[in-house]
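>>> Model the following, please.
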Amino acid sequence: MAEHPRIQRIFGALESAGYPVRFQRSLLPEWVTPDVLQDEAVSTEIATILAKRLNLRTSSLFSQNPSVEELHHFDTKYKRSVSAKSKDLTAATSIAVSVAEMVAYACPIQHAPFPASPEEMRVEVLSFTGKYVSLRNLLLTSWAHGIPVVFLAELGPDISKMDGMVVHTESRPVILMSKNSPYWSWQLFILAHEIAHCALGHVQPDEILVDQELGSDSYALSDADDDEQAADRFALELLNGRPDATYTLGTQVANAAELADTAYTEGLANKVDPGHIVLNLANRSGDWGLGMAALKLLHGNREPAQSVINDAMWMHLDAGRLPRESLEYLVRVTGSNGAIS
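Numbering: from 1, shown residues only. Here you go, the predicted structure:
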């Protein structure tokens with residue numbers, strides 16, 4: 001069942017700009033059925049919805065030969081990414097910008113910059129409930145500064161995502177995370193790294209900073225980029241109380257259960273997330289099999305990290321500032337469960 005030619009032209013213009021048609025369809029409301037897409041009369045509304053979702057100028061999609069034009073231009077810095085791959089992030093970045101501006105508008109907390117000192121930041125985070133710097137109290141600290149943290153769920157099989165990014169809107173920075181990992185400790189380091197970028201002034205108003213991949217190098221300080229080195233040092237000191245924190249078993253041989261127990265004891269004694277200790281050690285040793293097995297034991301039956309990030313978002317947002325359609329969209333792209341009454 002073919003769409004009306006005018007709607008096909010809209011889809012085609014966006015696909016040429018890096019937005020797969022299947023992805024475009026996923027952004028449309030449920031009432032947009034195949035039958036509806038045959039009707040030229042809805043083409044203007046379709047263009048309006050897609051432009052809003054992708055942060056594009058609506059009028060440029062209305063013409064006989066639709067074109068793609070950003071509604072609000074942001075200078076984008078791609079970090080820890082292969083330059084040839086950066087273009088693959090077009091769709092995810094557009095979604096991130098639209099979500100960031102939505103959430104920034106609905107955040108009732110006045111923006112206050114993070115401390116530029118990781119030591120000062122660590123003291124503040126530990127003032128919240130918690131035995132160490134954890135994902136939950138770091139989220140609470142970010143929101144207390146009026147800097148929202150949002151999780152972007154899977155956007156479709158055709159869409160590449162980044163591990164973390166910061167969109168600095170007119171009013172405030174917004175941190176977006178989208179690494180597909182349920183483990184709190186993985187997301188903890190990504191959040192600490194993105195907070196570091198904000199605290200160190202690496203992203204200014206109308207700028208986007210994209211960390212495409214924070215993989216094993218997250219704990220290795222091996223990235224040649226000066227900003228990435230500085231953000232890693234800040235994150236490591238924030239999480240560990242020292243900027244050069246590395247962990248090793250020395251000459252010991254341990255199984256996953258023993259490593260988890262040792263990391264837990266060490267973490268409580270020094271106010272360090274035990275899962276972070278395990279990931280740090282796995283990166284240093286190269287034994288990711290052992291590290292991930294220990295991390296799984298430490299995680300236990302806790303809810304996925306995505307749920308923790310979403311819960312913090314809904315707890316702090318003033319949902320009444322957003323129309324229902326925008327709330328439904330936010331629920332969908334964050335993979336939330338409900339949150340709309």
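>>> mind showing which ranges of the stretch 101-250 of the chain have poor pLDDT?
Regions of the stretch 101-250 of the chain meeting the criterion pLDDT under 70 cover residues 156-158, 213-224.
>>> all helices of it, in order?
For the stretch 101-250 of the chain, applying DSSP state H, counting those that start in this stretch gives helices covering 118-126, 135-144, 184-199, 226-240.
>>> deepest of those helices, which one?
helix 184-199 (a mean of 25; mean count of other CB atoms under 10 Å). For every residue, glycine as well, the C-beta is placed using N, CA and C.
>>> ok, Asp318 to Leu295 distance?
36 Å (CB to CB, to the nearest Å).
>>> name the element Phe23 belongs to?
helix 21-27 (DSSP states H and E).
>>> List the buried residues of that helix.
Neighbour-count burial for helix 21-27 flags 23-24, 27 (criterion: 16 or more other CB atoms under 10 Å).
>>> Does anything pack onto it? Which helices or strands?
helix 5-16, helix 43-54 (3 or more CB pairs under 8 Å, 6 or more residues apart in numbering; DSSP states H and E).
>>> what sits up against the first one?
What that stands for is helix 5-16. 2-3, 21, 24, 37, 40, 42-43, 46-47, 50, 54, 61, 64-68 (CB atoms under 8 Å, 6 or more residues apart in numbering).
>>> make it 6 Å
With CB atoms under 6 Å, 6 or more residues apart in numbering as the test, helix 5-16 has contacts from 21, 24, 37, 40, 43, 46-47, 61, 66, 68.
>>> Go through the helices and strands packed on helix 21-27 and name the closest to Thr169.
helix 43-54 (15.7 Å; CB to CB).
>>> Contact partners for Lys77?
The contact partners of Lys77, by CB under 6 Å, 6+ apart, come to Leu209.
>>> again, 10 Å this time
Counting by CB atoms under 10 Å, 6 or more residues apart in numbering, Lys77 touches 165-166, 197, 202-203, 207-211, 225, 227.
>>> Roughly how far does Arg57 sit from Leu14?
For Arg57, the distance to Leu14 - CB to CB - is 13 Å.
>>> Please say which of these two ends up with more neighbours.
A count of neighbours by other CB atoms under 10 Å puts Leu14 above the other of Arg57 and Leu14, at 26 against 14.
>>> From His111, how far off is that one?
Leu14 sits 33 Å away from His111, going by CB to CB.
>>> the strands in the stretch 51-200 of the chain, which residues?
75-79, 149-151, 164-168, 173-177 (DSSP state E, counting those that start in this stretch).
>>> number of nearby residues for the residue nearest to Thr76 when sequence neighbours are not counted?
In space, and not counting its chain neighbours, Thr76 is closest to Ile208: 4.5 Å by CB to CB, 6 or more residues apart in numbering. Neighbourhood size, Ile208 [other CB under 10 Å]: 20.
>>> can you check Thr93 too?
Using other CB under 10 Å, the number of residues around Thr93 comes to 25.
>>> Assess the claim that it and Val166 are in contact.
No: using CB atoms under 10 Å as the test, Thr93 is too far from Val166 to be in contact (11.7 Å).
>>> between those two, what contacts are shared?
Applying CB under 10 Å, 6+ apart, one finds that Thr93 and Val166 are jointly contacted by 176, 208, 210.
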